[in-house]
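Asker: predicted model follows, preceded by the sequence.
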Amino acid sequence: MFDLYLDYIDRWSHGLWLTASMSTLSVLIGFLVALPIGFVRSRAKGPLAWLAIAYVNLFRGMPLLVLMFLVYYGFGQFSSELRAMGLWWFFRDAYFCGMLALILNTSAYQAEIIRGSLNTISTSVIETNAALNLTRWTAFRRVLLPIAFAKALPPLGNEYILMVKATSLLAIITVFDLMGEARTIFSETLDLGVYYVAAIHYLVLVLAIEWTLRRVEARFKWMA
Amino acid sequence: MVSPPAISFEKLNKYYGKFHVLKDIDLEVAKGERIVICGPSGSGKSTLIRCINRLETHQSGRLIVDQCEMNNTPSTVRRIRDRVGMCFQHFNLYPHLTALENCTLSLIYTRKMPPKEAKQRAMEYLARVRMDGFAQKYPSQLSGGQQQRVAIARSLCIQPEVMLFDEPTSALDPESISEVLDVMADLAIGGMTMICVTHEMGFARKVADRVVFMDAGEIVEIADPETFFTSPSHERSARFLQQIINH
Ligand SMILES: Nc1ncnc2c1ncn2[C@@H]1O[C@H](COP(=O)(O)OP(=O)(O)OP(=O)(O)O)[C@@H](O)[C@H]1O
Ligand SMILES: [Mg+2]
């Protein structure tokens, strides 16, 4: 099994890099997308809120694999139209399509996490903002957001870890992430040990992330 | 010339749905005056003082704060809130900010004060409440009394015309109570207009110019503390005093 690792170390490293970077990037971009959606979900009423609900339900209600197929193969059917719009470079690329699917999926989940943590902020905080005459923006940026973020950190960390493992689906749309590399190495060696090596990679990656998250959470010592 | 009152309520009424919480409130508070409001639970004390900085809205009557009549216009509300400081029963410090940052937040972002100057002013007021040694601590690292003193400093930083206190000591242990009351008494000596909802009779006797007794949404009696505590003129006040003495 050690040979399986050493003989193909370049491919494993490449796969690990792709898995780590794509999951991290999609979680970070997904967070930025989720932020306004979660905020609208927790505060607004009317059309904007319906739009946010539709977004969340659509992308939470769809298996990630189906979403990837729709983005990668589904949009492929419209290649001539996409070419005309100058978007084909994006949709013909499995990496970009995979990233888009990951972002749509995780942003829907993160929006709900953000909504939940904004909703748990007590009315006394909101009254204090009013008594101190904070502007809406200052209240959001300097008070609500940091408090909500701290509360959301554990579930967001959990979402991050779920995403690391969910990226393995990318292999099916021909991305050479950890799982993608594992599949090609297996097809060359026909040695099932390949998947043990892949599993260990995921495990180590998740443990590293968990360790980092714990250190980040420790920085919020005021939460005590 | 007599200076205009700091706050005046004229026939103010407030309802929660059908429930009549404040009934025809008439009250004038002079500049520099110290008012203590007391009364049974649910009598509307908090609601009354929360009208002053528009944490509650009233339905009829007039409320004039520092010569500015309260209405629904956001700019009016802002102008009035700019002159009114408030301390809450549970301190309400921002948990993610240090004592110092709690004090500078609204100076920097609402009053657009340069951070250095804001810090200087905050340290000044933290020193006044004897909390300057704790400027870098988070609320979770402070005792209740210390948190309340920081909250008082935070309100003072905006240099308000009026300070409101809603049972500032009722969530505290006896030792912390006296350290907070001492700070409030210092404030009174400094000439601050203060309206305090509190059941601390010692404090009322020492500091208050007038005691306002409320029951069931009405102001039942307004008297100087000596008169109020020794010979209340209403049966309801007498019953209330009996209760807090026996307590
Ligand atoms: N948001 C609300 N909706 C409906 N009724 C309310 C609301 N807030 C307060 N009340 C009612 O209004 C009345 C006055 O409440 P308020 O908090 O002003 O009393 P209080 O005198 O401050 O009492 P306490 O000493 O317990 O603080 C109470 O009967 C309370 O139940
Ligand atoms: Mg009250």
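Answerer: Looks like it arrived, so ask away. Everything quoted here is computed from the prediction, not taken from an experiment. Numbering: from 1, shown residues only, chains lettered A, B, ... in the order given. Ligands and ions are numbered 1, 2, ... in the order given.

Asker: rest of the way, CA atoms for contacts and neighbours
Answerer: Will do.

Asker: am I right that residue B:15 is in a helix?
Answerer: No. Looking at residue B:15 with DSSP: H, G, I helix; E, B strand; the rest coil, it is strand, so not inside a helix.

Asker: hmm, it is touching residue B:59, no?
Answerer: Yes. Residue B:15 lies in contact with residue B:59 (CA atoms under 8 Å); the separation is 7.0 Å.

Asker: centroid-nearest residue for chain A?
Answerer: Nearest to the geometric centre of chain A sits residue A:27, at 3.0 Å (CA atoms, centre = their mean).

Asker: then chain B?
Answerer: residue B:164 (1.6 Å).

Asker: make sure I have this right: that one is in a strand.
Answerer: Yes. Residue B:164: assigned to a strand according to three-state DSSP.

Asker: which SSE is immediately downstream of whichever helix in chain A runs longest?
Answerer: Across chain A, the longest stretch assigned as helix under DSSP state H is helix A:9-43. With elements assigned by DSSP states H and E, the helix or strand that comes after helix A:9-43 is helix A:47-60.

Asker: burial of the residue in chain A that ligand 1 sits nearest to, as a residue count?
Answerer: Nearest residue of chain A to ligand 1 (CA to the nearest ligand atom) works out as residue A:123 at 11.1 Å. As a burial measure, residue A:123 scores 10 neighbours (other CA atoms under 10 Å in any protein chain shown).

Asker: what's the pLDDT at it?
Answerer: pLDDT for residue A:123: 94.

Asker: same thing with residue B:239?
Answerer: For residue B:239, pLDDT reads 93.

Asker: now residue B:247
Answerer: Model confidence at residue B:247 (pLDDT) stands at 68.

Asker: about what we covered before: tilt between the longest helix of chain A and helix A:47-60?
Answerer: 150 degrees (axes from the mean of the first three to the mean of the last three CA atoms, to 10 degrees).

Asker: quick one: residue A:51 from residue A:66, how far?
Answerer: Separation of residue A:51 from residue A:66 (CA to CA, to the nearest Å) stands at 22 Å.

Asker: let me redo that: residue B:236
Answerer: In terms of CA to CA, residue B:236 sits 72 Å off from residue A:66.

Asker: higher neighbour count, those two?
Answerer: Remark: of residue B:236 and residue A:66, residue B:236 carries more neighbours, 17 against 12, as counted by other CA under 10 Å.

Asker: what score does the more buried one have for pLDDT?
Answerer: pLDDT recorded at residue B:236 is 92.

Asker: can you report phi and psi for it?
Answerer: phi -70, psi -40 (degrees, to the nearest 10).

Asker: next: residue B:218.
Answerer: Backbone torsions of residue B:218, given as degrees, to the nearest 10, read phi -120, psi 150.

Asker: isn't it right next to residue B:24, touching?
Answerer: Yes. Using CA under 8 Å, residue B:218 and residue B:24 qualify as a contacting pair, with a distance of 7.2 Å.

Asker: the more surrounded of these two?
Answerer: Legend: neighbour count by other CA under 10 Å for residue B:218 and residue B:24, higher for residue B:218 (20 against 16).

Asker: got a list of what the residue nearest to the more buried one when sequence neighbours are not counted touches?
Answerer: Computed as CA to CA, 6 or more residues apart in numbering or on different chains, the closest residue to residue B:218 that is not its neighbour in sequence is residue B:23, at 5.3 Å. Contact analysis of residue B:23 by CA atoms under 8 Å, 6 or more residues apart in numbering or on different chains lists B:11, B:12, B:13, B:14, B:217, B:218.
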